[in-house]
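*Asks:* Got a predicted structure plus its sequence, pasted below:
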Amino acid sequence: MSSASHRRSLRRRRTLIVSAAVVAAGVGAGVVVMNANAQAVDLYHQTLGAKDGWASSGTGTTGGHKADSAHTFTVSTRAQLVKALGSVSDTTPRIIKVKGTIDANTDAAGKKLSCAHYASGTGYSLTSYLKAFDPATYGRSKLPSGTQETARAAAQKKQAANIVFKVPANTTIVGVPGTKAGITGGMLQIQKVDNVIVRNLTFAATEDCFPQWDPTDGKDGNWNSAYDAVTLRGATHVWADHNTFTDAPHLDSANPRHYGREYQIHDGELDITKSSDLVTVSRNRFTNHDKTMLIGSSDSEPGGKLRVSLHHNVWKGIVQRAPLARVGQIHIYNNYYDVTTLNGYALQYSINSRAKAQVVAADNYWKVPSTVKASKLLSGDGTGAIAGSGNLVNGTVTDLVAAYNAAASKDLKTGVNWTPTLTAGLQTGAAVKNLPTSLATTTGAGVLS
């Protein structure tokens, strides 16, 4: 038997040359994917590439790429999406193609539903709620309880039944190119399931009709809402790629104030909590939002999970939590942060490391107005760590941790207990200076084809 040749075939070498050219141009993984035979892989069957962040670890993230024709759906309405998702306990691989924009606040016939519809029959009214829990009479030492709080919870439950979409394991949900695909007013809930892909979708106007008043939240109390656009709770192997997240058209600047506090109807854009693990978030656009991404739901969350990679995302008009990280090992690289105030959304901080989080933030680019100091880009509680180098502020290499620690009362730690190895597409050096330009046309929904 003749010995195996050590020369790559011409077709194989051409594939590698094409792939290298794509990366060198700053386009990165996920825009064009070629297999070993130099054939384009269709968008709906694409899987996460090797070494592309934490979600590539172990079994990797393949979503519904093995779906048969009976489990491949094209949906354009809320009712069709619910039917395509099926039972959350059904792990049969499925591909769901979202064509156009799905309004979650509609009934089975497609009729638009309002907050008044969800409140109907519960006895809830905002006027009565405000009267019942006015701090001047109810006080500030305990959570609301009684008739109006019970009614509020019932109304919120009715809304949740309509707008929360529960995603089963082994599912790919992808927007059909050229159709302005997305979900408005809804929440994708990826809870205690494995192997999910969400791509090429715009998530907008995820709003809670019935925020809860918590007088014990902070020194002045806060209104807290219930729905994230996408929420991971105990989920594993999740790839969120080329999506756009926004509060629009109802921005926070339009929110009224009650009890002297903003009546907040928005929660997170993409939250990763309850010991979720092995997650890659790539080439998304996070815009016009306050509490954007929470990694870890509490400071007491157990260790060993919450391993998340965030790369080649754009954060613009974000107040905070980009992300707020607890407990886990989080790699943040090649992101572009524009912290200029946008539509009233003014920076508090970009990255927060707390509860012993082990964050590596490297080779990111911040666009910072003259009114914002580099010390304001990070935050922490004194137990979290942020390592990493090569971060640019307005094109200049800047030690962000040193800048923060020089101004803070509780220092961020600078050493972490791990070294990132799953770094496909990582750009360093001069390429980082080009991130504002390259990511402008390669991130968010509507780019993939």
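*Replies:* Sure, I can see it.
*Asks:* Doesn't Trp366 belong to a strand?
*Replies:* Yes. When classified by DSSP: H, G, I helix; E, B strand; the rest coil, Trp366 is found to be part of a strand.
*Asks:* and it, bridged to which residues?
*Replies:* Tyr337, Val393 (DSSP bridges).
*Asks:* That one: how many residues sit nearby?
*Replies:* Using other Cβ atoms under 10 Å, Trp366 has 24 neighbouring residues. Backbone N, C-alpha and C define where each C-beta goes, glycine included.
*Asks:* Name the nearest residue to the most centrally placed residue in the chain, ignoring sequence neighbours.
*Replies:* Residue closest to the average C-alpha location in the chain (Cα atoms, centre = their mean): Leu270, at 2.7 Å. Using Cβ to Cβ, 6 or more residues apart in numbering and skipping residues adjacent in sequence, the residue nearest Leu270 is Val230, 4.8 Å away.
*Asks:* Tell me who's in contact with that neighbour.
*Replies:* Met187, Leu188, Ile190, Val198, Phe203, Ala240, Asn243, Phe245, Glu269, Leu270, Asp271 (Cβ atoms under 8 Å, 6 or more residues apart in numbering).
*Asks:* Where does pLDDT dip in this structure?
*Replies:* Residues of the chain meeting the criterion pLDDT under 70: 1-40.
*Asks:* Tell me where it has helices.
*Replies:* For the chain, the helices defined by DSSP state H occupy 10-24, 78-85, 115-119, 126-132, 135-138, 147-163, 400-407, 430-433, 435-438.
*Asks:* Kindly provide the distance from the nearest residue to Gly186 once chain neighbours are set aside to Ala248.
*Replies:* Among residues not flanking Gly186 along the chain, Ala104 sits closest, at 3.0 Å (Cβ to Cβ, 6+ apart). According to Cβ to Cβ, to the nearest Å, Ala104 and Ala248 sit 15 Å apart.
*Asks:* The stretch 51-200 of the chain: strands as residue ranges?
*Replies:* Under the criterion DSSP state E, counting those that start in this stretch, strands of the stretch 51-200 of the chain are mapped to 72-75, 94-98, 101-103, 164-166, 171-175, 182-184, 187-191, 194-199.
*Asks:* Comparing the ones you listed, which stretch has the densest surroundings?
*Replies:* The highest mean neighbour count among the strands of the stretch 51-200 of the chain, using mean count of other Cβ atoms under 10 Å, belongs to strand 171-175: a mean of 28.
*Asks:* Check which helices and strands that one is in contact with.
*Replies:* Strand 171-175 is packed against strand 94-98, strand 194-199, with contacts defined by 3 or more Cβ pairs under 8 Å, 6 or more residues apart in numbering; DSSP states H and E.
*Asks:* gap between the residue nearest to the centre of the chain and Val447?
*Replies:* As for Leu270, its distance to Val447 is 18 Å (criterion: Cβ to Cβ).
*Asks:* Kindly state the beta-bridge partners for Ala362.
*Replies:* Note on Ala362: beta-bridge partners Tyr333, judged by DSSP bridges.
*Asks:* Sorry, slip of the keys, the one I care about is Asp241.
*Replies:* Beta-bridge pairing for Asp241 (DSSP bridges): Arg199, Ser282.
*Asks:* can you tell me which residues contact it?
*Replies:* Asp241 sits next to Gly30, Ile197, Val198, Arg199, Asn200, Thr280, Val281, Ser282, Arg283, Asn284 when contact means Cβ under 8 Å, 6+ apart.
*Asks:* Return the residues in contact with the nearest residue to Thr421 once chain neighbours are set aside.
*Replies:* For Thr421, the nearest residue in space outside its immediate sequence neighbours is Lys51; the separation is 7.3 Å by Cβ to Cβ, 6+ apart. For Lys51, the contact set (Cβ under 8 Å, 6+ apart) comprises Thr421, Leu422, Thr423, Ala424.
*Asks:* I'd like to know which of those is nearest to Leu294.
*Replies:* Distance to Leu294 across the contacts of Lys51 (Cβ to Cβ) is lowest for Leu422, with 22.1 Å.
*Asks:* Gly58 is in contact with that closest one, correct?
*Replies:* No. With contacts counted by Cβ atoms under 8 Å, Leu422 stays clear of Gly58, the gap being 10.7 Å.
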